[in-house]
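**Student:** With the input below, show me the fold.
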Amino acid sequence: MNGSSSLLSVENLTMQFGGLHAIEDLSMTARAGEVTAVIGPNGAGKTTFFNCLTGFYKPTKGSVKLRHPQRGELRLDAMRNVDVARVGQVVRTFQNIRLFPRMTVLENLMIAQHNVLQQASRFSIAGALNSKSFRHANDKAIEQALTWLERLSVRDIANKPAGDMPYGVQRRVEIARAMCAEPILLCLDEPAAGLNPRESAELTALLTSLSREQGIGILLIEHDMSVVMKVSDHIVVLNHGKKIAEGLPAEIKANPEVIGAYLGEDDETSSHDDASQEKTAHA
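**Tutor:** The predicted structure follows:
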């Protein structure tokens with residue numbers, strides 16, 4: 001990849017906890033309009049990597065740079081979590097769904113726009129007075145929320161409690177909420193976890209559409225190789241905190257080190273059946 005045109009540039013990233021190197025000397029890039037998957041067995045350092053990107057951890061060394069279309073180059077490794085989301089427009093979902101279960105689906109999406117609404121309310125003053133500017137901002141936030149619910153085929157449940165929805169629907173709501181924050185980089189941590197094959201296929205189509213049509217960069221941590229291989233433009237493979245491979249999906253599927261460390265192979269069929277290399281990995 002050409003670093004000059006990359007959205008995200010990670011250089012020599014290291015995250016150390018005492019004597020343990022959770023991430024060691026990692027360098028990679030990700031482009032806008034593409035899906036970049038980060039895969040590897042449990043304990044490979046994938047979630048630690050996301051924590052470094054989104055300001056939960058301050059890396060021991062190295063840099064994480066985001067090329068923002070309006071603000072230029074931003075050093076994410078020097079920002080706190082709230083700053084990464086507000087200034088860098090880096091939005092993240094988690095392995096465990098973190099919707100507010102007793103709030104409606106629409107209310108969950110409104111919360112994602114609290115920064116804009118807070119500014120419009122002038123930190124509660126204009127909101128308390130129900131000023132024209134605040135009403136306009138609130139109406140616009142509702143319109144955006146409903147637009148994304150429509151886009152993800154869940155508008156009909158806008159006024160229902162989020163916690164009452166099936167697991168697969170909650171995953172879609174979570175992504176809709178993330179998109180309401182208008183990310184330029186969307187970090188998804190195992191979005192296919194718990195989904196059935198039909199829902200996984202719908203997720204694949206959705207992520208492809210978001211990256212292509214919205215032009216955002218998507219970073220994906222995922223164990224479901226059927227999703228990874230179909231949706232990814234580029235794949236980075238970690239093992240014990242180190243990058244062991246990166247490349248196109250076809251290159252990763254054929255990489256002996258990746259197969260040995262993560263994908264696994266069926267001795268009787270691996271040389272003849274590509275599906276055996278696309279099976280869901282339960283590391």
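**Student:** Buried ones in stretch 226-243, by neighbour count?
**Tutor:** Neighbour counts over stretch 226-243 (16 or more other C-beta atoms under 10 Å) mark 226-239, 241, 243 as buried. Any C-beta I mention is one placed from the backbone N, CA and C, and that applies to glycine too.
**Student:** What's the end-to-end length of that stretch?
**Tutor:** Its first and final residues considered, stretch 226-243 spans 21 Å by C-alpha to C-alpha, to the nearest Å.
**Student:** Check stretch 218-229 too.
**Tutor:** End-to-end distance for stretch 218-229, by C-alpha to C-alpha: 14 Å.
**Student:** Tell me which stretches of this protein form strands.
**Tutor:** For the chain, the strands defined by DSSP state E cover 8-17, 20-30, 35-39, 61-68, 72-75, 90-92, 185-189, 217-221, 234-239, 242-247.
**Student:** what's the distance between the shortest one and the middle of its chain?
**Tutor:** The one in question is strand 90-92. 6 Å (C-alpha atoms, centre = their mean, to the nearest Å).
**Student:** Repeat that for the longest one.
**Tutor:** Strand 20-30 has its C-alpha centroid displaced from the chain centroid by 17 Å (C-alpha atoms, centre = their mean).
**Student:** Give the pairing partners of it; include direction for each.
**Tutor:** Paired strands of strand 20-30, with direction, are strand 8-17 (antiparallel) (DSSP bridges).
**Student:** Buried ones in the strand it pairs with, by neighbour count?
**Tutor:** Residues 8-11, 13-15 are the ones in strand 8-17 that count as buried (16+ other C-beta under 10 Å).
**Student:** if we can go back for a sec, what would the strands of the chain look like in JSON lines with mean pLDDT and distance to residue 162?
**Tutor:** Putting the strands of the chain into JSON lines (pLDDT from 0 to 100; distance: least, C-beta to C-beta, whole Å) gives the following:
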{"stretch": "strand 8-17", "mean pLDDT": "96", "distance to residue 162": "30"}
{"stretch": "strand 20-30", "mean pLDDT": "96", "distance to residue 162": "30"}
{"stretch": "strand 35-39", "mean pLDDT": "97", "distance to residue 162": "26"}
{"stretch": "strand 61-68", "mean pLDDT": "96", "distance to residue 162": "30"}
{"stretch": "strand 72-75", "mean pLDDT": "94", "distance to residue 162": "32"}
{"stretch": "strand 90-92", "mean pLDDT": "94", "distance to residue 162": "18"}
{"stretch": "strand 185-189", "mean pLDDT": "96", "distance to residue 162": "18"}
{"stretch": "strand 217-221", "mean pLDDT": "97", "distance to residue 162": "23"}
{"stretch": "strand 234-239", "mean pLDDT": "96", "distance to residue 162": "32"}
{"stretch": "strand 242-247", "mean pLDDT": "96", "distance to residue 162": "36"}
